[in-house]
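coordinates only, no sequence provided:
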């Protein structure tokens, strides 16, 4: 009875939460005139052509944009999980000189609004020769391998502090070095934090618009979010229907990524926790 | 701008200097390597060999249609000059100027870039754009077939900062289907503002659709209206109007709102977005919208109704041939001459003109314009050309290119006009606020 | 490894005992080398990628930098930008007020929604992954153009939300186009995208040892008492994380405002968030020096708030690693 109630409650919340997405689906099969004039949920005339139009709208097929996005996102996932975990272990678990200072600096880097960093960063990356090279994704990928996203470092520090310290202490008494403790204690127990980091890294990189816009200049290098904005030039033509169709399609990879990875959150309950 | 002009009475100035120097040194240590790195990439390397391979970067905003046409025209140039290739970047207008500014800051601006009224004075004033005067003087850039107003329109502080790539003018677009359905007359070029508002009131009553979008936030309508009063938006480096003008303008539209000639303020706000697809005439929330005449074909795509276009109310002589956008050359480009040659080709070559069509506005070169007019088949494009030619007969002299800070003036007009529309300020209060904000925006003391 | 403390002792809120405190303190810096080895990628990133742009922006905040003028030619203006912000910028305090209102309302509600849904979803039943994904979907949209169109349509005068209200006989307003309600519409959008804190809560809930619940129910604790005495304390590091991050995020809230108002902060500046104002000043009006100054004042203010949060965290956040922090 209670689980039924819970299910009903979930479904009710879900209906409200997902309504805007239903609306998107409706709009993705509306004709141009209807998009402007009919803001209801259901289209009067069904226009599935938006999907093929959108896919083939540009000289480069949309599949290419998805691949570019996937590549950048996967590299970001790799970079963030590895580099942030290392930093988080140091800041959260080890005792060394200036640790608290570095922790404060790390939090501090979260606080500056990103817009004032865009230009200094661009100048920096250009000085380093990363901009507009044969592989234009360098400025989008390399920072992830250097743990520049303090969000994830902080996230992992918080999770690590949930791992009982007795585990390290016991290992230490057995003569384990900090490296061994990292490998045998922390790494296996950090699964939920790693999975969370992977999910967010993937999704946020997939959705990141402005940085990708600035650093990518050739159509065949564009990522999905940059390509999506090509549909609508508010001063001239706008292809809202195809844009909605492609926006929906671009949700699919991230959605699948999420559903696949969140499973590991569930598994975490068996493999992590107190068994060690 | 607010450069180093702290009031002379400021005692801190002297005290500040000691620490300032130290700080400056510190900062220089940080900045100089970066600045050098950025600058080193923009060196001059004008070789005399006309056949050496050259890659020109070109950047514009627009939709996919414009991209196809522009790429075709550039391909034509490449065929005629096989040593010249192009690195083409295009995107929608969202984020365009953010990216252009960022590239410029990195010393990495494209050789050729599209620009508009909002920013041409900003870029020219900071010497980002190449002064094309000498090119125009010796014929490497031929602007002799341009209407005089359009040629001067790209001039900022005596320097030719950009080449006008398309002419447009203000157009009042109306929903012909709707008016016909209720047997209502169409608005006419030359009708007075009061007649127009009465007409709109009548439309609202008969058709149950607001007769007109409220134009109080529409800068180009305000501009035309000012010119009809013998004023202007800018005069030299100052505002060309005063508080009384703004008050009268806001009062005019307050009256229109009270008579029911316009939609409610929230709907007016929707239409104040510059997006074509948000214009009330296509969303069916008003019978007319204030746009640019060359936007007709794109408006048409968003509605099933038939649309018509006339001049803004009042004396049509107040309207002028406006450059819808420009192309400029980056001053730091290593291939300036070649870049100018490309502009010259795109603007004057009849074949290129035929390819580009009226996508950016009517071609600036009058001969090319004739060629395009003869070859165009799209009915709404035909209509646009006809209307603009018609309006062109009465065009008054073009005003100077808008000042630095123009985009801020525009956004302030929208903000203040909406304050008045929502009834949060009286027209007089709004006028005072707008004049103060506009003066600050253009740096007028 | 052995089982850590008995489950029983954890039901009581955990506080660091004296023994825990003294052990680590004696060997405080015994791990200098491994510490810096593990920290090195981050340190390199900090020095090479993060710090230089930050310092440059700090320097620029004392200049009249306008983006288009080369860096080598900027003018030093001392404290002018800062002075102007506090004395003569008409939109500055307005933006501060909008931002504080937004953060105070949206952050707690978003966290509450995220926690509530996470608790509902924290069950090992079939298909729960799909449910989680569906609840996360809104957040996947980020700040896309499509989202902007959806939101503006739904919350306009004749939008779906008003149709819904009309069903109950309530007459709605033109929410997103009305300066009285636009900020509220923005808050709803922010709360609607509760996916990120929800996932973090879910991951945190996974770390709560099941034994604790078993022990608690043996003791006869009801749902509420389990929530209060087991879930909340065990989850507190993650709640703390979400609180800090969402607070920062709420104050920085740019995307929703940008998207919803077409980058203007309208109607009539009702959604002019601090960072949106900063963006307009920097990129649209090309006063990047001034925008940098705004950013540094923001950093200091939010930094202060974060310090306060960390201080209060000592009283209610319970770490299993039981070391003073």
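Sure, I can see it. All figures in this text were calculated on a predicted structure; none of them were measured in a lab.

interface residues of the stretch 251-400 of chain B facing chain C?
B:264, B:265, B:266, B:267, B:269, B:270, B:273, B:275 (CB under 8 Å from any CB of the partner chain). In short, each C-beta sits where N, CA and C put it, glycine included.

ranking those by neighbours, who comes first?
Neighbour count (other CB atoms under 10 Å in any protein chain shown) singles out residue B:269 as the most crowded of those, with 28 neighbours.

wait, it touches residue C:267, no?
Yes - with contact defined as CB atoms under 8 Å, residue B:269 reaches residue C:267; the gap is 4.8 Å.

in the stretch 1-150 of chain B, which spans are strands?
Using DSSP state E, counting those that start in this stretch, the strands of the stretch 1-150 of chain B run over B:54-61, B:84-91, B:112-115.

can you tell me which of those strands is nearest to chain A?
For chain A, the closest of these is strand B:84-91, at 4.4 Å, according to CB to the nearest CB.

what is the least confident helix or strand in chain A?
When the helices and strands of chain A are scored by mean pLDDT, DSSP states H and E, helix A:32-37 comes last with a mean of 78.

so what touches that helix?
A:27, A:43-45, A:47, A:239-241, B:277, B:282-284, B:301-304 (CB atoms under 8 Å, 6 or more residues apart in numbering or on different chains).

for it, list every residue counted as buried.
A:32, A:33, A:34, A:35, A:36, A:37 (16 or more other CB atoms under 10 Å in any protein chain shown).

now these in CSV, with distance to residue B:103?
Putting the buried residues of helix A:32-37 into CSV (distance: CB to CB, whole Å) gives the following:
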residue, distance to residue B:103
A:32, 33
A:33, 38
A:34, 39
A:35, 33
A:36, 34
A:37, 39
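
and of those, the nearest to chain C?
The closest of the buried residues of helix A:32-37, once distances to chain C are taken by CB to the nearest CB, is residue A:35, at 8.6 Å.

measure the closest one to residue A:231 for me?
Note on residue A:35: its distance to residue A:231, by CB to CB, to the nearest Å, is 12 Å.

please enumerate the shared neighbours of the two.
By CB under 8 Å, 6+ apart, residue A:35 and residue A:231 have these common neighbours: residue A:240.

who's in contact with the residue in the stretch 151-300 of chain B that chain A sits nearest to?
Closest residue of the stretch 151-300 of chain B to chain A, CB to the nearest CB: residue B:275 (3.8 Å). Neighbouring residues of residue B:275 by CB under 8 Å, 6+ apart: A:232, A:234, A:235, A:238, C:262.

near chain B, which of those residues show up?
Contacts with chain B within the contacts of residue B:275, as defined by CB under 8 Å from any CB: A:232, A:234, A:235, A:238, C:262.

please, which helix or strand holds the third one?
What that stands for is residue A:235. Assigned by DSSP states H and E, residue A:235 belongs to neither a helix nor a strand.

nearest residue to it other than its sequence neighbours?
residue B:93 (5.2 Å; CB to CB, 6 or more residues apart in numbering or on different chains).

go on, the first one?
If you skip the residues right next to it in sequence, residue A:232 has residue A:238 as its closest partner in space, 4.3 Å away by CB to CB, 6+ apart.

gap between that neighbour and residue B:177?
21 Å.

what about those two, which has more around it?
The neighbour count for residue A:238 versus residue B:177, taken as other CB under 10 Å, is higher for residue A:238 (26 against 13).

and the more buried one, how far is that from residue B:419?
Applying CB to CB to residue A:238 and residue B:419 gives a distance of 29 Å.

same check on residue C:179?
From residue C:179 to residue B:419 the distance is 8 Å (CB to CB).

quick check: neighbours shared by these two?
By CB under 8 Å, 6+ apart, residue C:179 and residue B:419 have these common neighbours: residue C:268.

who has more neighbours, the two?
residue B:419 (22 against 19).

in which helix or strand does the more buried one reside?
Counting by DSSP H and E, residue B:419 is part of helix B:406-421.

is that helix positioned near chain C?
Yes - residues of helix B:406-421 are located near chain C by CB under 8 Å from any CB, namely B:407, B:408, B:411, B:414, B:415, B:418, B:419.

select only the buried ones of the contacts of helix A:32-37 in PyMOL?
The PyMOL selection below is limited to those of these classed as buried (16+ other CB under 10 Å):
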select buried, (chain A and resi 27+43+47+239+240+241) or (chain B and resi 277+282+283+284+301+302+303)
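
and the furthest pair within the contacts of helix A:32-37?
Pairwise distances across the contacts of helix A:32-37 (CB to CB) peak at 20.0 Å, for the pair A:239 and B:284.

need phi/psi at residue C:307.
With angles defined as degrees, to the nearest 10, residue C:307 sits at phi -60, psi -40.

roughly how far does it sit from chain B?
26 Å (CB to the nearest CB, to the nearest Å).

from residue A:67, how far off is that residue?
Distance from residue C:307 to residue A:67, by CB to CB: 44 Å.

which SSE is the residue nearest to residue B:376 when sequence neighbours are not counted in?
Excluding the flanking residues, the one nearest residue B:376 by CB to CB, 6+ apart is residue B:382, at 5.7 Å. In the assignment (DSSP H and E), residue B:382 maps to helix B:379-392.

what packs against that helix?
Applying 3 or more CB pairs under 8 Å, 6 or more residues apart in numbering or on different chains; DSSP states H and E, we find helix B:379-392 packed against helix B:296-301, strand B:307-310, helix B:366-375.

list the neighbouring strands of the second one plus their orientation.
By that I understand strand B:307-310. Strand pairing for strand B:307-310, determined by DSSP bridges: strand B:170-175 (antiparallel).

quick check: angle from the partner strand to helix B:379-392?
Going by axes from the mean of the first three to the mean of the last three CA atoms, to 10 degrees, strand B:170-175 is angled at 130 degrees with respect to helix B:379-392.

okay, buried residues for strand B:170-175 please.
Applying 16+ other CB under 10 Å to strand B:170-175 flags B:170, B:171, B:172, B:173, B:174, B:175 as buried.
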